[in-house]
Every structure is written in C-alpha cells, then in structure tokens.
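> take a look and give me a structure for this.
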Amino acid sequence: MPVSHGNVSAFLAASRSRYAVRPEDRFSQVHETTFDLAMCDLFPAWAGGACVCVLSRLQALDPARWVRRYGLTVWHSTPSLARGLQRADRLAPGSLAGLRQSVFAGEPLLVETARYWQRAAPDGVLDNIYGPTELTIACTAFRWHPDQDLSDPGYGATVPIGTANTGMAAMLLAPDGSPAEDTGELVMTGPQMFRGYLEPAQDTGRFLEHGGRRWYRTGDQVRATAHGWVHLGRKDAQVKINGYRVEVGEVEAALRDTSGTDAVAFALDVPGGTRLVAYLLGDSEPDIKDLAERLATRLPPYMLPRHLWWLPDAPVNAHGKTDRSRLREDAVRRLGHEGEATP
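Now for the predicted structure:
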C-alpha cells in the first residue's frame, strides 16, 4: 500500500500539535514493526528527537517496572494489553506516575479499562486513536477525562474514537450512499489520505467524489455523539441470518453497552443455516440469563446471539489484539461440529 512521504508528514504535523514530543521523552515500543501501529510511536519519537525503548511481549506485561527503570514518559499499546493487566490487577494506583501520555489504538477501548489505566497514570493524558493504513496510521483522536459526563446514551461502554485530525475532513454515509447525521460509514479526505492501491482494481468502491474532492470509504461504521464518533464495527462484517441482514458490529456494541465488558460476536455456518454466537470477555462471570433478557430490549430477535459464552482470558494475536480466529475455532469446538465462521 503506497503511503507517501507527504502523508506521513501530515500525520506527524497532527501528532506534533497534539502531543508536543520533546527530546527528553522516552517512548515504549511494544508493537511488531510489521504492524502499522508501530509507526504511531516510532515516527513521532524520531521526529521529535526522543528515545524509543523496545519492550518484548513479556516485558510489556509489567509496564510499571519499565516506567521506573527506563523513565518512560509515553506509552503506546493496544487496549487488549491494558485489559489483560486490568483482569490480573497488575497496576496499583499511581504505579505509572511517570507517564505524561498514554495512547491506545487498534481495537475498542473499554471505559472501565480507561479508568483503570488512568488511576495508574494519574498525571498524564490518555488518548484513544483510530485510523486505517490508507489514512496513514491514525486520523482521529479522543482525549479521555475520567470526570466526563457519560450520561449521553450514545457513549456506551467504549471510549469514542473522537474527531478528525487537523487538516482532515470527515462525513458519514447512509447505506444508500447519501449523507447521514447520526450513524453511518466513516468517510474521510485530507493530506493523510493515500492516492490509491498499487493494484488499481482494488480502488473500486473504496473512493467517492463529493464536493469536488476525493474521499476514502473506511468501511467502518460509527455513531456520532457529543464526545465524538463511537466505533460500531466493520461495514463488511455483515451477515445474513434467517433472511435478515445483521451488522455484527452493532451486536458487539450492544453487548458491550449492556454488559460493560468487551465482547466479540460472529456468525457460524451450521447445518440448517447461520448462527450468531458471542463471547463476553471480562474478569467476573456475568449472569448470562439476565444479560440476554436486557439485550432483548435493545435488539430485534434476529440480532440476538444464539449462544453467549463468558471467557475470562481472551486470546491475543501477535499484534496484541483479541484473536478472533482462535475464538472462532473455540466456538466450533463448543458447538461440536466443523463449520466456518464469518469474521
């Protein structure tokens, strides 16, 4: 995917205005360099003359130790790593007091996880950022404040992805391609947008012309709130169940909001049709029956998972994200058949 120097320069300009990286800063580096999120810490650190401290996957599980030993001031990781530390209660209040910035990206960040991390790093700011590679690493950001008014019903259990970086423009699209106000596909343009794929055929359906500008269709569904956009999942994570089209991301968002914990849902092709299943990922085992009843007040019957399972320890992949493929394999085993899940 050809991302230009100009795209990266625009990303760095937005990063500098937001974080004001200093030469005395010391960044954590926990991502594989093949993962584009690694550029979220490497590029700003190098551009600002700061130091990068490379941590192994094992070392990243004890951030307090390395904040003390290396004097880390900036932390970057996926929410799954922070969730794992929360479940194991590895972070005492104030144990990350040296951090002035904590940045999470790559998957939904739960409100309860943000609160837990902020208690450990009370003197720093915490950002949740979002961005596909096509928009150069990160193109939106939201600054978390533990004393925020969370009464907005659109906020839910996950921290918003915020609003567009400086210089970027965004709009929402309804399923019919018309502009949407509250919920729709996030579409963006600006200096961080790449020009197109190396294989021109891949450009089909990914760009649109509007207002004399070329826009990139992210394929991500979001909901607009007073706090910024809330990520609802992938537009292409749509399945058909009993003749109804179901947005799996909406099911996951409803599960998170209802349970207050992270959730993963997907469809399994089984004899007789397609079945929606879901995992709840958290420390305490929820009352599945009560949760199912509350979920039924939010979703129509065809969007309700046929199976709800609690899992205290979610598997993670090499990039530190929840490993959906392993959860899918586990679901197949639980159902006692060989089937193929739709991610």
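
> middle-most residue in the protein, spatially?
residue 107 (2.1 Å; CA atoms, centre = their mean).

> is it true that that residue touches residue 322?
Yes. Between residue 107 and residue 322 a contact is recorded at 6.4 Å, counting by CB atoms under 8 Å. In this view, the C-beta of every residue, glycine as well, is placed from N, C-alpha and C.

> now do the shared contacts for these two.
residue 80 (CB atoms under 8 Å, 6 or more residues apart in numbering).

> per-domain residue ranges of this protein.
As given by the TED database, the domain ranges for the chain are 5-164, 169-231, 238-338.

> winner for burial among these?
domain 5-164 (a mean of 19; mean count of other CB atoms under 10 Å).

> what about that domain, how long is it end to end?
One end of domain 5-164 sits 20 Å from the other (CA to CA, to the nearest Å).

> and that domain, how far from the chain's centre?
Distance of domain 5-164 from the chain centroid (CA atoms, centre = their mean, to the nearest Å) equals 12 Å.

> try stretch 197-216
The chain centroid and the centroid of stretch 197-216 are separated by 24 Å, computed with CA atoms, centre = their mean.

> now do the end-to-end distance for that stretch.
Using CA to CA, one end of stretch 197-216 lies 12 Å from the other.

> then stretch 114-131?
19 Å.

> show me where pLDDT drops low in the stretch 1-150 of the chain?
Along the stretch 1-150 of the chain, the model assigns pLDDT under 70 to residues 149-150.

> switch the cut-off to 80
146-150 (pLDDT under 80).

> quick one: the strands in it?
With DSSP state E, counting those that start in this stretch as the criterion, the stretch 1-150 of the chain has strands at 26-29, 51-54, 74-77, 101-104, 125-130, 140-144.

> put the alpha carbons of the fourth one into PDB.
This points to strand 101-104. Provided in PDB are the C-alpha atoms of strand 101-104 (Å, rounded to 0.1, in the frame of the first residue of the first chain):
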ATOM      1  CA  GLN A 101       0.900  10.400  27.600                       C
ATOM      2  CA  SER A 102      -0.800   7.000  27.100                       C
ATOM      3  CA  VAL A 103      -2.100   6.200  23.700                       C
ATOM      4  CA  PHE A 104      -4.300   3.200  22.700                       C
END
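
> show me what it packs onto, helices and strands only.
Contacts defined by 3 or more CB pairs under 8 Å, 6 or more residues apart in numbering; DSSP states H and E place strand 101-104 against strand 74-77, strand 125-130.

> which one, of those, ends up nearest to residue 45?
strand 74-77 (7.6 Å; CB to CB).

> can you dump the C-alpha coordinates of that closest one into PDB?
Only the C-alpha atoms of strand 74-77 are listed here, as PDB (Å, rounded to 0.1, in the frame of the first residue of the first chain):
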ATOM      1  CA  VAL A  74       4.900   8.000  26.600                       C
ATOM      2  CA  TRP A  75       3.100   4.600  26.300                       C
ATOM      3  CA  HIS A  76       1.500   3.100  23.200                       C
ATOM      4  CA  SER A  77      -0.300  -0.200  23.000                       C
END
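
> ok, back up a step: how close does the residue nearest to the centre of the chain get to residue 91?
19 Å (CB to CB, to the nearest Å).

> can you check residue 33 too?
26 Å.

> residue 81 too?
11 Å.

> could you do residue 322 as well?
Taking CB to CB, one finds residue 322 at 20 Å from residue 91.

> and if you look at residue 199?
Noted for residue 199: a distance of 45 Å to residue 91, by CB to CB.

> tell me the pLDDT at residue 271?
On pLDDT, residue 271 comes in at 66.

> do residue 235 as well
What the model reports for residue 235 is a pLDDT of 76.

> is it true that it touches residue 184?
No. Counting by CB under 8 Å, residue 235 stays clear of residue 184, with 9.1 Å between them.

> any shared contact partners between these two?
Counting by CB under 8 Å, 6+ apart, the common neighbours of residue 235 and residue 184 are residue 221.

> can you tell me the closest non-neighbouring residue to residue 6?
residue 191 (6.6 Å; CB to CB, 6 or more residues apart in numbering).

> what do you get for residue 94?
Leaving out its chain neighbours, the residue that sits closest to residue 94 by CB to CB, 6+ apart is residue 122, at 6.1 Å.

> surely that neighbour meets residue 97?
Yes. In this structure, residue 122 is within contact of residue 97 by CB under 8 Å, at 6.7 Å.
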